[in-house]
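>>> Structure, please.
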Amino acid sequence: MDWDNLRYFLELARAGTLVGAARRLGVDHTTVARRIQGLEKDMGAALFAREAGGHRLTEAGRRLQPQVEGMEQAFRAVEQAAPSPDEGLAGLAGLVRIGATEGFGTVVLAPQLALFATAHPKLVIDVLAMPRLVQLSRREADIVVSLERPVRGSVVVAKLTDYVLQLYASEAYLAQHAPITSRDDLKGHTFISYVDDLLFSKELHYLNELHRPDSFALRSTSILAQHQATAAGAGIAVLPTFLAARDPLLQRVLPGQAHFTRTFWMSMPSETRHVPRIQAVWDLVRQTVQAQRAVLVPPEFDLPGR
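Purely as a prediction, here's the structure:
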């Protein structure tokens, strides 16, 4: 049986669509379809049900998936035991996919990862900066930065950094309203926040700790959309300092009284921890966070031992 066909099977099972699997594999979607047809012929069974929204595993496909994932892990173990002779730091090559929350991945990580990839032409870095949790267990990424510490699976986990969030509003919004000097003054103000029933982490439930808003101008799953709406003068929002502090249109509201601290955790599958290109990106993320410590945790919040 052709291992490549099994590899295409795994990517389609994870992506759910031919186009998505093709993008992950770097091939045309017709190639994925042809490979799957060949595998189904070899297996003598349909592995996917074709639906309008994509491809769904059949019962035969669901039985096959864990077996192929076991083969994939074994293959990676062999790959680690016999690394390419030129895959030192100077010869990094291949794909590394990192998943992170939207704001952190876009504002903090993307610029440094792009520069690192430029310095290593044979290395490709995919940044999945999305307003949802990227799953290591589904092999959606090689490295994941998350708001909650993974508690299941064979993974390497490290605390990456704390970060601070504060209340912000635009100068224009504040000029149109009475001064806000206490939490009681927040009554009657318009807020910008997440869509409650679509929150991907309990760590994003912070606004109600401070004040239950009377009204919302905008709710969005995107922290970048919330930032833009706040800068436009639509209302008050809780935003990460690494995103809002660099925006000259925004001012802090209730500085010293209204702030939250959350933690980013970084994880990767234990079987890939010695792959040079993945370890190099892991180290780069840690270095990036250390270099931007003052933005992630402003000095007034950077207490000893934190």
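>>> model confidence over stretch 213-220, on average?
Mean pLDDT, stretch 213-220: 85.
>>> Show me what it is in contact with.
186-196, 207, 225-226, 229, 234-235 (CB atoms under 8 Å, 6 or more residues apart in numbering). For glycine as for every other residue, the C-beta is placed from the backbone atoms N, C-alpha and C.
>>> Now list the buried members of those residues.
Leu186, His189, Thr190, Phe191, Ile192, Ser193, Tyr194, Leu207, Gln226, Ala229, Ala234, Gly235 (16 or more other CB atoms under 10 Å).
>>> So which of these are in strands?
With strands taken from DSSP state E, the overlap with the buried ones among the contacts of stretch 213-220 comprises Thr190, Phe191, Ile192, Ser193.
>>> where exactly do the helices run in the stretch 51-200 of the chain?
Secondary structure of the stretch 51-200 of the chain (DSSP state H, counting those that start in this stretch): helices at 59-81, 102-103, 110-119, 171-175.
>>> Packed most tightly, which of those helices would that be?
Most buried of the helices of the stretch 51-200 of the chain by mean neighbour count (mean count of other CB atoms under 10 Å) is helix 102-103; its value is a mean of 20.
>>> residues in contact with that one?
Around helix 102-103, the neighbours that count as contacts under CB under 8 Å, 6+ apart are Ala129, Met130, Pro131, Ser222, Ile223, Leu224, His227, Pro240, Phe242, Leu243.
>>> Can you pull out the low-pLDDT segments for the stretch 51-200 of the chain?
By pLDDT under 70, the low-scoring segments of the stretch 51-200 of the chain are 74-90, 131-138, 197, 199-200.
>>> Swap in 80 and give it another go.
Across the stretch 51-200 of the chain, the ranges flagged by pLDDT under 80 are 67, 69-91, 130-140, 151-153, 196-200.
>>> Once you drop chain neighbours, what's closest to the residue nearest the centre of the chain?
Closest residue to the average C-alpha location of the chain: Ala100 at 1.9 Å, with CA atoms, centre = their mean. Excluding the flanking residues, the one nearest Ala100 by CB to CB, 6 or more residues apart in numbering is Val145, at 4.0 Å.
>>> What's the local residue count around that neighbour?
Other residues within reach of Val145, judged by other CB atoms under 10 Å, total 24.
>>> do the same with the one 10 residues further on
In terms of burial, Val155 registers 18 neighbours under the definition other CB under 10 Å.
>>> tell me the contacts of it?
Counting by CB under 8 Å, 6+ apart, Val155 has contacts Leu136, Ser267, Met268, Pro269, Ser270.
>>> Identify, from those residues, the entry nearest to Leu123.
Nearest to Leu123 out of the contacts of Val155 is Met268 (CB to CB; 16.2 Å).
>>> Pull up the gap between the closest one and His274, please.
11 Å (CB to CB, to the nearest Å).
>>> Pick out whichever of these two has more residues nearby.
More crowded of Met268 and His274, by other CB under 10 Å: Met268, with 24 against 14.
>>> you'd agree that one is in a strand?
Yes - per DSSP: H, G, I helix; E, B strand; the rest coil, Met268 lies within a strand segment.
>>> ok, now how distant is it from Leu6?
23 Å.
>>> same check, this time on Leu207
Look at Leu207 and Leu6: by CB to CB, they are 46 Å apart.
>>> pretty sure Leu123 is in contact with Ala93, am I right?
Yes - using CB atoms under 8 Å, Leu123 is in contact with Ala93, at 6.0 Å.
>>> Nearest residue to Arg262 in space, please, no chain neighbours.
In space, Arg262 is closest to Glu203, 5.3 Å off (CB to CB, 6+ apart).
>>> What distance do you get for the one you found to Leu250?
The gap separating Glu203 from Leu250 is 22 Å, by CB to CB.
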